[in-house]
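# Fold the following, please.
(one chain, ligands or ions: 1)
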Amino acid sequence: MKKHNFYAGPAILPKEVIEEAAASLHDFMGMGLSLLEISHRTKQFESVVAEVEQLVKELMAIGDDYTVLLLSGGASSQFFMIPMNILNENETACYINTGVWASGAIKEARNFGNVQVLASSEDDKFRHIPKNYEIPKEAVYLHITSNNTIYGSQYHNWPDSPIPLICDMSSDIFSRQLDFSKFSLIYAGAQKNMGAAGVTAVVIKKSLLNRAKRKFPTILNYAVQMDKESMYNTPPVFPIYVTLLTLRWIKAQGLATLEARNRKKAETLYAEIDRNACFTAPVNHEDRSWMNVVFTAKNPDHDADFLELCKQGACVGLAGHRSVGGFRASLYNALGQESVDVLVEIMKEFEQKYA
Ligand SMILES: *Cc1c(COP(=O)(O)O)cnc(C)c1O
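I've put the predicted structure just below:
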């Protein structure tokens, strides 16, 4: 029976990507060797890295004033690498707190300079995206998290920032059309919408390189990673290759098509949550995430029953994040409309049994 994969991350990938990635473990690019047993310095693997960088730039429609880095340590390492590389000790960086990941970024930045949290939705259990705050012009950058993977809120409008805008796009990168040139730095762990765990893309304006004056480890320096073409040390070859295959797939679909599909999937599911007598969605309507649909049962006594029905219907990965409970359906690019339709049928069945 086909599984409908709603996991939040690592998450669903296109079937073609899995098949090609599997084939590369036996014979990589006709070399007669596995991808896992060749040097990262071969021209074949160097072409993989070059194509990933070129595809990211093409999909973002950005120019040579940006560089694309492929780094290890997850999006979480960017929480400290960004201020370490960009913020001096006597300077101020601004953050918007929209949830667990934004809070993590704030915590790490405090080790490197002054941090001003301009707005936070914490008092509202992160059920909305803050708007209408003043952005101080003298601050070095403003950091936001475009999609709140755990609480299920998402920016659908961007702050008009007079200072460089930095965005953690880990859970919604390439899910919609966007003016990527608004941002001075975009980062995303690959394992949600762009590939396999182990590689994080960092897209940075070259004008931000070498900004902080402090001394810190060479491997963590963006400028060094740019000079070494993300191969200061041995890069995570397999995740990078899976990312290449995923980016090729994203390009073949096109961001406009992916956006239309993602919008339809999200609209289908939210419409059912709003209609169904058994469920409710906590996030402010206009800030609802298209990627991670968070919802709860009106009667939490039946949480386990709903998850059991999902399991019987081959829908997996629907338990909410362990810190919030309830349910979460992640609707990343590779998830088809039919999977959402199956989930909606299960919700209707649940309503008939338990309403
Ligand atoms: C998953 C996630 C992270 C953490 O990513 P890691 O690669 O596990 O470090 C950071 N930010 C957001 C928005 C995420 O969804």
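# got the residues of the stretch 1-150 of the chain near the ligand?
Applying C-beta under 6 Å from any ligand atom, we find that the stretch 1-150 of the chain lies next to the ligand at 9, 74-76, 101, 145, 149. Any C-beta I mention is one placed from the backbone N, CA and C, and that applies to glycine too.
# Export only the CA atoms of whichever strand or helix holds Pro83, formatted as CSV.
Assigned by DSSP states H and E, Pro83 falls within helix 74-86. Taking C-alpha atoms only, helix 74-86 is exported to CSV below (Å, rounded to 0.1, in the frame of the first residue of the first chain):
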residue,chain,number,x,y,z
GLY,A,74,22.4,21.8,9.8
ALA,A,75,20.5,25.1,9.8
SER,A,76,21.1,25.1,13.6
SER,A,77,24.8,25.9,13.0
GLN,A,78,23.8,29.0,11.0
PHE,A,79,22.2,30.3,14.2
PHE,A,80,25.8,31.0,15.4
MET,A,81,27.7,31.2,12.1
ILE,A,82,25.6,34.2,11.0
PRO,A,83,26.4,36.5,14.0
MET,A,84,30.0,35.1,14.2
ASN,A,85,30.7,36.1,10.6
ILE,A,86,28.6,39.3,10.4
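# which stretches of the stretch 251-355 of the chain form strands?
With DSSP state E, counting those that start in this stretch as the criterion, the stretch 251-355 of the chain has strands at 279-280, 292-297, 315-316, 327-330.
# Pipe those strands into JSON lines and attach mean pLDDT per row.
As requested, the strands of the stretch 251-355 of the chain are arranged in JSON lines below (pLDDT from 0 to 100):
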{"stretch": "strand 279-280", "mean pLDDT": "96"}
{"stretch": "strand 292-297", "mean pLDDT": "96"}
{"stretch": "strand 315-316", "mean pLDDT": "98"}
{"stretch": "strand 327-330", "mean pLDDT": "98"}
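# Now do the helices in the stretch 1-150 of the chain.
Ranges of helices in the stretch 1-150 of the chain, per DSSP state H, counting those that start in this stretch, are 15-24, 43-60, 74-86, 100-109.
# So which of those helices has the densest surroundings on average?
helix 74-86 (a mean of 22; mean count of other C-beta atoms under 10 Å).
# Contacts for that one, please.
Residues from elsewhere that reach helix 74-86 (C-beta atoms under 8 Å, 6 or more residues apart in numbering): 71, 73, 93, 101, 104-105, 107-109, 111-113, 140-141, 143, 166, 168, 170, 185, 187-189, 197, 200, 202, 208-209, 211-212, 214, 216, 220-222.
# Apply 6 Å and report the result again.
104-105, 108-109, 112, 170, 187, 189, 200, 208, 211-212, 216, 220, 222 (C-beta atoms under 6 Å, 6 or more residues apart in numbering).
# tilt between that helix and helix 100-109?
With axes from the mean of the first three to the mean of the last three C-alpha atoms, to 10 degrees as the basis, helix 74-86 and helix 100-109 are set at 30 degrees to each other.
# Figure out how far helix 74-86 is from the centre of its chain.
How far helix 74-86 lies from its chain's middle: 15 Å, per C-alpha atoms, centre = their mean, to the nearest Å.
# just stretch 293-304 next, same as before
Its chain's C-alpha centre and that of stretch 293-304 lie 25 Å apart, by C-alpha atoms, centre = their mean.
# Using PDB, list the CA coordinates for the host helix or strand of Ile186.
Using DSSP H and E, the element containing Ile186 is strand 185-189. This file holds the C-alpha atoms of strand 185-189, laid out as PDB (Å, rounded to 0.1, in the frame of the first residue of the first chain):
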ATOM      1  CA  LEU A 185      21.300  36.000   3.400                       C
ATOM      2  CA  ILE A 186      19.100  33.000   3.000                       C
ATOM      3  CA  TYR A 187      19.800  29.600   4.600                       C
ATOM      4  CA  ALA A 188      18.000  26.300   4.600                       C
ATOM      5  CA  GLY A 189      18.800  22.800   5.900                       C
END
